[in-house]
Every structure is written in structure tokens, then in C-alpha cells.
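Engineer: after the sequence you'll find the predicted model.
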Amino acid sequence: MLFDLFFYSLLLITSIGSYKIIKSAAAKNKFLKVLKFLFVLFTASLWLGLILQWVLPKGSKYQEVVHLPRHLSILDYGEFEDGINKQKIAYGKHPKQYYNYYPALEGGKKKNTIIVYLHGGGWCLGSPNQHRYLAHFLQQEGYTLVFPAYRLAPEFDYKDLQEDVNNALLHTLDFVKKQGIDHPQIILGGTSAGGNLACLLAYDENRWANLGLDRSILKGAFSIVGAINTAEMEQTFTLLDYTGPADGKSYTLANPVTWISPQDTFPFLCLHGKKDGLVSYAAVEKFCTKLEQTVPNVLNFKAYENATHIELGAAWYYNKNANFGQDTVLTNWLDAVSN
């Protein structure tokens, strides 16, 4: 991997340089002393990060965080096979207001089933391009795909992101009609923060009415390590930049649990790891419990005993050991709800 090559090369070079600095005579120039100290400190931080990856317990947020730079680098720059005939379609004027459109492969029997997938990244990072592997994977299954981008926190918040998801869906329905899809069936899904955004739309029937849409076109929704119960999550700056303060109205509105009602009769798939250090398993379990109590027999909840947030979410794109069978569970569920 390019990230690994860069990291270990940097670690080797800085370690040699730091060793020479420590062995050399003390610098007389004050600026040079500070510069040498910072160089050695930087080297020490690289070693600390590497050691922490080895020793931090699986399932802690710190373990997830130290793996995040490598993970994001691979998603951005890894050599993944993308879906074919991709089009980048703008649904607004902001650079983040676009979606990647992947038409169903020629002869695909599920052309009318449109999977609208929202990327993760804590509402402040990420892009649809990080999920090229998933686009290729799902396109091979015969679906039409729409992978929206959206404006990001902290510059934009809950209301802005909801507006983007709304506009992306409206633009999608208009666009696919021009592609010859007259009777689209929508499946909403997302990973991490994207799971939150997908569920907020899926479970709010009033939102569909306000958009002038018949919610009967919604055939299902899925969450992969989704932040689907934000009230039970740690109130980090990242979360509150998106939801607003914990005592504010938007904090409640940005939690998908708020919107569960007996009218939510569409199938829901939830994939979550018990070693998730960023979105606690207990929080997601409470969402699923409320859903099952409110609307029995619509939930398919698959828990993975040893899966972390990063592994179950997207590390399986490049690491076979992070594939716990979630790809098969997802495709089987999609096949069942799209027929």
C-alpha cells in the first residue's frame, strides 16, 4: 500500500536522522536546537502511533482513531476497481452538491431498483469516491446506483445536510426518469454518518410528504455501522457540530430514533460490530429494540462479535480479514427486498 510505503520510509529516515542528532554535539544556535528537538519529537510521535496500533485494545475509540489516517488514505488513493459508466451529476451549486450515478449494467434485471448510498466520515469528512469498491460490487449485482456527496460540518449542520439529501433524491428521481426508469424503487443506505442521514430520511414520513413524494417507492433501508442513535453516543465536537447543542431542538431531530413510528413498515437491515469504538453497539441495539417493538418483523439485525467500526464499515474493501461476511448478508438482503 502507498500509505504503508510512505509511512515506513518516513519512519526509517526520521529515525536515522534523530539518532544522528542525539549522538551529535549540542547545537549552539538556539533556533537550531529547537529545530532538532522538534525533529526528534516528530520521530517519537511516529513511533508512538505505530506502537499504539499494536497495543491499544480492540474496540476502543483510541484504537479506531490511530488506524483512521491509514484507512482514509487507502480509501482515497487505493487502486479500487470502480463501477463503469459513472457520471458525476450536480444537484446544487456547492462543490459538494453532486452525486455519482452508476447505471445498471446492460441487461440488468434490477435496473429499476436504485440504491441511494450515503458515505460516512463523521459528517465532516469523506466522499462518494472513497466507496468505489462498493459501487463496483453493487453494480455487478445489477442495481442502478446513486452515491451522493453532501456539504460537511462544521461549516454546515443538520439542516443543511438534510437539505442536501432531499435535493439529491429529488434530482435523482428526475434524472433516472430521463434515463428510462419510469417506476423507480428506492433503497436508502449508508455507512456511519451516512447511515444516520439515510435513516433520517427513511423514517420521516412527513419529510416525504413535504417533498411531494410517495413513500411507497421506498423498498428498504440499511445501515452499516450507522450512527442511528446519536443520543446514546459520546457528545464529541464532531457530533455536536452536526446536531447542534445537546439541549437544542435539532439535537433530537438529528437522531433517527426520534422518527420511528408504526408507519415504518419497510424492511431495515442493520450491520454493526460489538467492537465498534466510534458508534457504540449498545446505542444501535437500543434503536433496533425500539424499531422491533414499534414495527415487528421488519428488522434484520446482524451483529458481528469482533468487528470494529473501521473493519465492518469499509476496511473490507482492501482487507480480506475485515470481511466477516457482511457483503453476502447485504447482497442477500438487497435481493430479497428488491424482488
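Structural biologist: In hand now; what should we look at? Residues are numbered from 1 along each chain as shown.
Engineer: and the pLDDT at the residue nearest in space to the middle of the chain?
Structural biologist: Against the mean C-alpha coordinate of the chain, by Cα atoms, centre = their mean, the closest residue is residue 120 at 2.1 Å. pLDDT, residue 120: 97.
Engineer: again with residue 63
Structural biologist: 89.
Engineer: which element, helix or strand, includes it?
Structural biologist: According to DSSP states H and E, residue 63 maps onto helix 61-77.
Engineer: cool, and residue 194?
Structural biologist: helix 193-203.
Engineer: tell me the mean pLDDT for that helix?
Structural biologist: Mean per-residue pLDDT for helix 193-203: 98.
Engineer: and stretch 96-110, which residues are buried?
Structural biologist: 97, 98, 99, 100, 101, 102, 103, 104, 105, 108, 110 (16 or more other Cβ atoms under 10 Å). The C-beta positions use only the backbone N, C-alpha and C, and glycine is treated the same way.
Engineer: could you dump those residues to a markdown table with pLDDT?
Structural biologist: What follows is the buried residues of stretch 96-110, written out as a markdown table (pLDDT from 0 to 100):
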| residue | pLDDT |
| --- | --- |
| 97 | 98 |
| 98 | 98 |
| 99 | 98 |
| 100 | 98 |
| 101 | 98 |
| 102 | 98 |
| 103 | 97 |
| 104 | 95 |
| 105 | 93 |
| 108 | 71 |
| 110 | 91 |
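Engineer: from those, which is closest to residue 153?
Structural biologist: Proximity of the buried residues of stretch 96-110 to residue 153 (Cβ to Cβ) peaks at residue 97, which lies at 15.2 Å.
Engineer: distance check, the closest one against residue 90.
Structural biologist: Noted for residue 97: a distance of 6 Å to residue 90, by Cβ to Cβ, to the nearest Å.
Engineer: check residue 115 too.
Structural biologist: Distance from residue 115 to residue 90, by Cβ to Cβ: 20 Å.
Engineer: what about these two, which has more around it?
Structural biologist: Set side by side, residue 115 and residue 90 show more neighbours around residue 115, with 26 against 12, by other Cβ atoms under 10 Å.
Engineer: do a quick rundown of the strands in the stretch 201-339 of the chain.
Structural biologist: Ranges of strands in the stretch 201-339 of the chain, per DSSP state E, counting those that start in this stretch, are 218-224, 268-273, 299-304.
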